[in-house]
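Peer 1: can't give you the sequence, but here's the structure:
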C-alpha cells in the first residue's frame, strides 16, 4: 500500500511539473524616476506617451515618470542608466503614435491605457488611467503598477 501511495505521489509531481506554464514571479526590478535632466541629456524630446507612477501620491504632488514611449523607442531608467527599448510595431497604437509594447534586450514593457477615459490637460496633451507591466526574458512579471499614461506633443 505504501508503495502505491509513493508511486501516486511521484506520478502526480511529475504531471504537475509538465502540465503547462508555472506562474512565478521573476526577480523584481525598481524603475527610477526619469527626470527632465535625463530627457535633456539623451535628447528624448518629442511626441509620445509616458507612464506616471501615482502610487502613494495625493493632491497636487507630481507623480514621477517611469517609462517614456515614442513612435519607435521607449526608455526606462534602471540603476541610474537609461535603458532603451524598441517599439513593437505589431502592438496596439496609443496616442501620438506611441505603441503599447516595447522590447528590450532583457525586458519587455506593456502599457495598457484606458483611452475611453482620456481627458485633455492642455493644448495637444491628454491623460488617461493606465498601467505598466514589465516582464523578463522568461515572461515573468518583474514590475507592475497602475497610474496614468499621459500623451502629447
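Peer 2: Okay, I see it. Keep in mind the model is a prediction, meaning the values are calculated, not measured.
Peer 1: mind listing what residue 97 touches?
Peer 2: By CB atoms under 8 Å, 6 or more residues apart in numbering, the contact set of residue 97 is 47, 48, 70, 71. The way it works is simple: take the backbone N, C-alpha and C, and place the C-beta from them, glycine included.
Peer 1: next, the third one: phi, psi?
Peer 2: Yep, that's residue 70 we're talking about. With angles defined as degrees, to the nearest 10, residue 70 sits at phi -120, psi -170.
Peer 1: so it touches residue 45, yeah?
Peer 2: No. Counting by CB atoms under 8 Å, residue 45 is not a contact partner of residue 70; they are 9.7 Å apart.
Peer 1: between those two, who's got more neighbours?
Peer 2: Set side by side, residue 70 and residue 45 show more neighbours around residue 70, with 20 against 9, by other CB atoms under 10 Å.
Peer 1: who touches the more buried one in this structure?
Peer 2: 44, 46, 47, 48, 87, 97, 98.
Peer 1: pick out the most distant pair among the residues you listed.
Peer 2: Largest separation among the contacts of residue 70 by CB to CB: 44 and 97, giving 14.9 Å.
Peer 1: helices of this protein, start to end?
Peer 2: 2-18, 36-41 (DSSP state H).
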